[in-house]
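Asker: Predicted model and sequence below, questions to follow.
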2 protein chains.
Amino acid sequence: MIEQSETVSRYWTACEGRDWAGVGALLAEDVVYDLPQTRERIVGRERFLRFNIEYPGDWHVTVERVVSEGRHGASWIRVAHEGSELSALSFFEFDAHGLVSRITEFWPTPYEPPGGREHLVERY
Amino acid sequence: MIEQSETVSRYWTACEGRDWAGVGALLAEDVVYDLPQTRERIVGRERFLRFNIEYPGDWHVTVERVVSEGRHGASWIRVAHEGSELSALSFFEFDAHGLVSRITEFWPTPYEPPGGREHLVERY
């Protein structure tokens, strides 16, 4: 069994390459994809691949960080999409075969900092 | 040196307990705290502790996931704050002494799902 960090890295490489067979080979057939911000859930490899294939617009992934430990993994990626860039944070669970059984993914967006902490922070 | 997952778990336990000496003991003196959504940065243990101590309102942390690998770690927590609940995703870096040298933290918020994918998703 390969290390799960390697699986996560392969997953993003395959996504970026639109290698959907390659992505599918890393996923359990009953993989669950959760988006807690919208409380959306996609169940099953075929639906999840379709979701990605149908996703509108052009997008490109840069992997910023991958961490794994046992049956859990996490990644932080930057995604360029239609002229803007977002970060995505993904938490992976793996089954006994090393296949991805669950992805919980977050897509935070920029916001203006609240006041009252200017004495502690700098902007970058 | 203790495992870094243990350091991350201790960090959140100490935060929840407002044990600021305990939090500080886990941090490098020149720790950097980045909030990419607002492009805010706090440099140094004392300022970072002050930021947490001064943070307005009551808040409570529930740890959902901790993953670490070598000098990197990640956590997914749920934070109850003023009647609502948010997730926070934190990526940790550790120095050679096992102290936290950088935290990059994301605070995604709920949003309405875009249309066009209702045939693939369920809501939870």
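Answerer: Received, thanks.
Asker: what about the nearest residue to A:S9 once chain neighbours are set aside, how many neighbours?
Answerer: Residue nearest to A:S9 in three dimensions, not counting chain neighbours: A:V66, with 5.6 Å by C-beta to C-beta, 6 or more residues apart in numbering or on different chains. To be clear about C-beta, it is placed using only N, CA and C from the backbone, and glycine gets the same treatment. As a burial measure, A:V66 scores 24 neighbours (other C-beta atoms under 10 Å in any protein chain shown).
Asker: Give the bridge partners for A:V66, please.
Answerer: A:S75 (DSSP bridges).
Asker: In terms of pLDDT, where does it sit?
Answerer: On the pLDDT scale, A:V66 is placed at 98.
Asker: Spit out the contact partners of it.
Answerer: A:5, A:8-9, A:73-75 (C-beta atoms under 8 Å, 6 or more residues apart in numbering or on different chains).
Asker: and with 7 Å instead?
Answerer: A:5, A:8-9, A:73, A:75 (C-beta atoms under 7 Å, 6 or more residues apart in numbering or on different chains).
Asker: Buried residues, the lengthiest helix in chain A. List them.
Answerer: Secondary structure of chain A per DSSP state H: the longest helix is helix A:4-16. Buried residues in helix A:4-16, counted by 16 or more other C-beta atoms under 10 Å in any protein chain shown: A:4-5, A:7-12, A:14-15.
Asker: Turn the residues you listed into CSV, columns for distance to B:Q37 and pLDDT.
Answerer: Listed next are these as CSV, based on distance: C-beta to C-beta, whole Å; pLDDT from 0 to 100:
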residue, distance to B:Q37, pLDDT
A:Q4, 28, 95
A:S5, 25, 96
A:T7, 28, 97
A:V8, 23, 98
A:S9, 25, 98
A:R10, 28, 98
A:Y11, 24, 98
A:W12, 21, 98
A:A14, 28, 98
A:C15, 23, 98
